[in-house]
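In: quick one, fold the following:
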Amino acid sequence: MHERVEISAPIEQVYAVAADPDIVPSYALEIARIDLVKRLSPHSVLARSHLKIARLTFASLYRYHYRPPGHYSGIQEDGKLLRGYFSFSFQTQDNRTVVSHTEGIMSSIPGLAAIVGFIYFRILSRGGLAEELKRLKNLVEGSRSSIT
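Out: Below you'll find the predicted structure:
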């Protein structure tokens, strides 16, 4: 899945909000919380991401990569059959920031990721990536207007 949004704020501010593990659950409703496990380098951490699916919460270990202000991504480390991944990229365009967001599922079993991805992103997802980016936009632009 892939979506884009334009946000009326500087790239540094958009990145700071989007990549902050304490703020992510505010715009990505499927995330209950993110706990830092270990800092691997200045640009990489292991974190436990608590994902809400239906009324259940599942914790998975992710390797997050940070390259401010242009990139933020993660890949699930502990999935045996299925592994989730996501990527955000940020680009300045005029006085706005364009955010591109990709999310998906990988599997070593042919076709399994496509089936599970369809069920998750089309049926279980809370409004999909477009709604997630809309919440991010409202969060950033709302905080920007309260500052000015």
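In: how close does A113 get to T57?
Out: The spacing between A113 and T57, counted by Cβ to Cβ, to the nearest Å, is 22 Å. All C-beta spots, glycine's among them, are computed from the backbone N, C-alpha and C.
In: if you count surrounding residues, which of these two has more?
Out: The neighbour comparison of A113 against T57 (other Cβ atoms under 10 Å) goes to A113, with 18 against 13.
In: surely that one is within a strand?
Out: No: counting by DSSP: H, G, I helix; E, B strand; the rest coil, A113 is not part of a strand but helix.
In: give me the nearest residue to it, chain neighbours excluded.
Out: Closest residue in space to A113, ignoring its immediate chain neighbours: S107 at 4.0 Å, by Cβ to Cβ, 6 or more residues apart in numbering.
In: same deal with V37?
Out: L46 (4.3 Å).
In: next, the one you found: phi, psi?
Out: Phi and psi for L46, reported as degrees, to the nearest 10, are phi -100, psi 130.
In: touching, it and S60? I think so.
Out: No: L46 lies out of contact with S60 (Cβ atoms under 8 Å); the separation is 11.1 Å.
In: what do these two both touch?
Out: Each of E77 lies in contact with both L46 and S60 under the rule Cβ atoms under 8 Å, 6 or more residues apart in numbering.
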